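Enquirer: any chance you can model this:
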Amino acid sequence: MTDADDDSTNEWDSESHDDGYAFVFECGEGVVDLLDPEPGERVLDLGCGTGHLTARIADADE
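Expert: Reported below is the predicted structural model:
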């Protein structure tokens with residue numbers, strides 16, 4: 001288990017996330033169509049990275 005005070009747990013850099021991991025959003029974009037969320041339905045996005053897909057899912061509910 002990692003100690004919460006360990007510096008390696010505090011290396012998140014949201015600005016550089018899209019530079020190195022943009023493919024995650026691109027690959028996951030089709031998931032929103034597969035989910036086809038209905039108004040009022042709840043979706044839990046675990047490990048949401050920058051939140052781009054979470055925003056798409058939320059927008060689909062409108």
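Enquirer: tell me the average confidence for the helix or strand residue 33 falls within?
Expert: Residue 33 is part of helix 14-35, with elements assigned from DSSP states H and E. Across helix 14-35, pLDDT averages out at 78.
Enquirer: which of the residues in it are buried?
Expert: The neighbour-count check on helix 14-35 (16 or more other CB atoms under 10 Å) flags 24, 25, 32 as buried. All C-beta spots, glycine's among them, are computed from the backbone N, C-alpha and C.
Enquirer: in CSV, list those residues along with distance to residue 59.
Expert: Output for the buried residues of helix 14-35, formatted as CSV (distance: CB to CB, whole Å):
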residue, distance to residue 59
24, 18
25, 14
32, 9
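Enquirer: that older thread, for the helix holding residue 33, packing partners?
Expert: On a contact count with 3 or more CB pairs under 8 Å, 6 or more residues apart in numbering; DSSP states H and E, helix 14-35 meets helix 52-60.
Enquirer: can you list the neighbours in contact with the helix it packs on?
Expert: By CB atoms under 8 Å, 6 or more residues apart in numbering, the surrounding residues in contact with helix 52-60 are 25, 28, 29, 31, 32, 35, 36, 37, 43, 45, 48.
Enquirer: same question, stretch 25-43
Expert: 18, 49, 50, 52, 53, 56, 57, 60, 61, 62.
Enquirer: rerun that using 6 Å as the cut-off
Expert: Here stretch 25-43 makes contact (CB atoms under 6 Å, 6 or more residues apart in numbering) with 52, 53, 56, 57, 60, 61.
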